[in-house]
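> I would like the atomic coordinates for the input below:
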Amino acid sequence: MPVLVAAAGETWEAPALRALAEASVVVLKRCVDLTDLLASASAGTVGVVLVSGELAGLDADAVMQLLRVDVRCVAVGGDAEVLGRLGVVEVHPADDPAGLPEVVRRAVRQDLVLDPDPEPESRLEVRADRGRTVVVHGPAGAPGRTLLATGLAAEHARRGAPTVLVDADPHGGAVAQHLGVLDEVSGLLAAARLVNAGGLDARSFARCRREVVPGLEVLTGLPRPDRWVEARPGVLDAVLERAGEVGDVVVDTGFSLEDDADLGRGLVRNQLTLDAVAAADHVVAVGTAEPVGLARLARTLVDLRDLAPVPVTVVVNRMRDSLGWSRRDILGMVEGYVRPAGVVFVPDDRAAADRALVAGRSVVEAGASPLAAAVAELHDVVLGDVGDPVRRSSAGRGRWRCRRP
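Modelled structure (predicted):
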């Protein structure tokens, strides 16, 4: 199998080329930079690229582009720990160019796979100090996802549990506005850049978060909808992993679960939402109580049933007597599509919602109200008593990696 080389002028290049030639490994091209390397690899004629560990621009996104075209990336020199986080299959010492032919053969033998979703039964117990991930999702039509996500997170923090609220809405999140956070810097994009550079650790992740009340930290979302492309696939997985080290995690997502790739770039706008649902330990599905809202909720429940083999709690928002049907009627409709972990009815308490929004606070902080009481009930169903044993799902959409035969 031919290889590409992008040595960036490193001293190991000449002896490496001689060693490869002596071992009958064909070097198809010596690339001048990362752009040249990615363009050449996209032709599908190579299975391995040899790059300098210090190659300018080499990041997780570049490695992912190579993996998508079935090309393994081997680095020569550089920080093995950082390069490993980027997805490089092997890091070889720069002072041993003679060993590169065997490294190339070993890389070629690795099967590139996208790990399939494990069955729900494979959910594993992990240590009790690791946070749960609760994803709040709902269809189009402003059913109240963000209002309930911020309220749920604030209620959990109020009860003494460290909580991280993540705004992962790819169509332009509103968590910051709901909670009166005026910073224009996006915590999510700051974390995304760190993930892409292989540098998201506990200390750097702390700089991305903003504490809004004691015990509740927020990772603010996209400042503009058009910046969704900066959060590449896999970013949210790394973010949620770090967030789970801090405490329990509540994620506010977008409205769409469509997996519709942009054919030109292979990107999915809704990837943040899909990745959030895949990483969830519990999903909160939010819909409104009127006919259009219930119809949209029903379609969402069908989609979630296929995507998320985890407990789903249904929230019927803006419930009011003027609609002419009872809670039992709606409960029967919901149970026709899914067996929920619970169904919570939230009253149409517009005064409390307006009071919270105008003050830039969660409904929990805005004072006692029927809406705040419903959020507390939702918390009891989803997160239970603070200090309960934690379960984390190993189910997910999978990540690219190489596996040895």
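> only C-alpha atoms from now on, for both contacts and neighbour counts.
Will do.
> quick check, central residue of this protein?
Centroid-nearest residue in the chain: L236, 2.3 Å away (criterion: Cα atoms, centre = their mean).
> can I assume it sits in a helix?
Yes - if the criterion is DSSP: H, G, I helix; E, B strand; the rest coil, then L236 is within a helix.
> how close does it sit to L357?
Distance of L236 to L357, computed by Cα to Cα, to the nearest Å: 27 Å.
> next one: G151
Separation of G151 from L357 (Cα to Cα): 11 Å.
> between those two, who's got more neighbours?
The neighbour comparison of G151 against L357 (other Cα atoms under 10 Å) goes to G151, with 26 against 17.
> next, that one: phi, psi?
Main-chain dihedrals, G151, degrees, to the nearest 10: phi -70, psi -40.
> pLDDT weak spots in the stretch 101-250 of the chain?
Residue ranges of the stretch 101-250 of the chain with pLDDT under 70: 111-129, 184.
> quick check: D226 is in a strand.
No - under three-state DSSP, D226 falls outside any strand and is assigned helix.
> which other helices and strands contact the longest helix along the chain?
Assignment by DSSP state H gives helix 291-307 as the longest helix of the chain. Counting contacts by 3 or more Cα pairs under 8 Å, 6 or more residues apart in numbering; DSSP states H and E, helix 291-307 packs against strand 282-288.
> pull the residues that contact the strand it packs on.
Residues from elsewhere that reach strand 282-288 (Cα atoms under 8 Å, 6 or more residues apart in numbering): 133-139, 143-145, 277, 293-294, 296-297, 300-301, 308, 310-319, 382.
> correct me if wrong: P370 contacts D349.
Yes - with contact defined as Cα atoms under 8 Å, P370 counts as touching D349 (6.7 Å).
> can you confirm A376 is in a helix?
Yes - counting by three-state DSSP, A376 is found in a helix.
> now the nearest residue to it once chain neighbours are set aside: phi and psi?
Nearest residue to A376 in three dimensions, chain neighbours excluded: E155, at 6.6 Å (Cα to Cα, 6 or more residues apart in numbering). With angles defined as degrees, to the nearest 10, E155 sits at phi -60, psi -40.
> who are the contact partners of V49?
Contacts for V49 (Cα under 8 Å, 6+ apart) come out as V3, L4, V5, A6, V71, R72, C73, V74.
> how about the helices in the stretch 151-300 of the chain?
Defined through DSSP state H, counting those that start in this stretch, the helices belonging to the stretch 151-300 of the chain, from first to last, are 175-178, 187-196, 202-208, 235-246, 271-279, 291-307.
> so of those, which one's packed in deepest?
Ranked by mean neighbour count under mean count of other Cα atoms under 10 Å, the helices of the stretch 151-300 of the chain are led by helix 271-279, which reaches a mean of 26.
> report the buried residues of stretch 360-376.
G360, R361, S362, V363, V364, E365, A366, L371, A372, A374, V375, A376 (16 or more other Cα atoms under 10 Å).
> again with stretch 160-167
A161, P162, T163, V164, L165, V166, D167.
> please enumerate residues in contact with that stretch?
Outside stretch 160-167, the residues that touch it by Cα under 8 Å, 6+ apart are 149-150, 153, 156-157, 173-175, 188, 215-222, 243, 246-253, 386-387.
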